[in-house]
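[1] Next input, structure requested:
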Amino acid sequence: HPSQGVSLGDNVTLCCHLPLPAAWVWLYREGRWSYAKYSDKKQDTTEFSFLSTSREHAGTYSCQYQLSESEDISVMSDPVELVLTDRSFPPPHISLHPEEHVGTGTNVTICCWNKDYGAAFLLHKDGRSAPIQRLVPDDVGTVSFTLFGVTPADSGTYRCSYHTKKYSFLSSPLGDSVT
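    Next up, the predicted model:
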């Protein structure tokens, strides 16, 4: 928690939800053991909190548990990604084509660019929790997201962000919007 919009320096809690109450729970980052918790009150949820997140906290996490010392250890959980927003990265630029009102069935192109930083651009639609598309830019740092045959469900506000080559789990702030 929270599940999105986490910036460097924010507090974050990763929750391991277990099918059965467990005594031992392990949290792995990038496949390597990072943290362990023992509970004598066997719980079906274990929380791992990071106060004031740093770049080292960003990455992919999984959980594993053991019901008791005499039991086998579980398989790894599905992974979750902790992507942190680094406000020192400049936000990307965005444009929309066509700019005027479009009818149902029209193709719409949203261009995003930032020539110095972007390794992968993400297209976000306000009201959606996850990005709706991801593209790698061309040599001049531009991507073109195409919405084919738009319908009323496609109307809304769109923004871009990007991940850098060096830190794939760090994101730029969201840029300006197009509607």
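
[2] What segments of this protein are strands?
    12-29, 32-50, 59-66, 80-82, 84-85, 93-97, 108-113, 118-125, 133-135, 142-147, 158-164, 170-171 (DSSP state E).

[3] Pull up the distance across stretch 162-172, start to finish.
    End-to-end distance for stretch 162-172, by Cα to Cα, to the nearest Å: 5 Å.

[4] how about it: buried residues?
    Neighbour counts over stretch 162-172 (16 or more other Cβ atoms under 10 Å) mark 162-164, 167, 169-172 as buried. C-beta: built from backbone N, CA, C; applies to glycine.

[5] What is the neighbour count of the closest residue to Asn107 other than its chain neighbours?
    Nearest non-adjacent residue to Asn107, counting by Cβ to Cβ, 6 or more residues apart in numbering: Phe148, 5.3 Å away. The number of residues packed near Phe148 is 9, by other Cβ atoms under 10 Å.

[6] Thr109 is in contact with Phe148, correct?
    No. Counting by Cβ atoms under 8 Å, Phe148 sits too far from Thr109 to count as a contact (10.0 Å).

[7] Against Pro21, how distant is the spatially most distant residue from the centre of the chain?
    Most distant residue from the mean C-alpha position of the chain: Ser70, 37.0 Å away (Cα atoms, centre = their mean). Distance from Ser70 to Pro21, counting by Cβ to Cβ, to the nearest Å: 15 Å.

[8] same thing with Pro90?
    Distance of Pro90 to Pro21, computed by Cβ to Cβ: 47 Å.

[9] Could you do Gly127 as well?
    36 Å.

[10] Give me the pLDDT for Ser77.
    Ser77 carries a pLDDT score of 94 in this model.

[11] wait, what's in contact with it?
    The contact partners of Ser77, by Cβ atoms under 8 Å, 6 or more residues apart in numbering, come to 16, 62-64.

[12] Could you export those residues as TSV, including neighbour count and distance to Tyr158?
    Formatted as TSV, the contacts of Ser77 follow (neighbours: other Cβ atoms under 10 Å; distance: Cβ to Cβ, whole Å):
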residue	neighbour count	distance to Tyr158
Cys16	22	34
Ser62	18	32
Cys63	23	34
Gln64	19	38
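
[13] what's the closest of those residues to Asp139?
    Here the nearest of the contacts of Ser77 to Asp139, counting by Cβ to Cβ, is Ser62; it sits at 35.9 Å.

[14] any idea how far Thr146 lies from Thr109?
    According to Cβ to Cβ, Thr146 and Thr109 sit 5 Å apart.

[15] same deal with Lys42?
    Distance, Lys42 to Thr109, using Cβ to Cβ: 54 Å.
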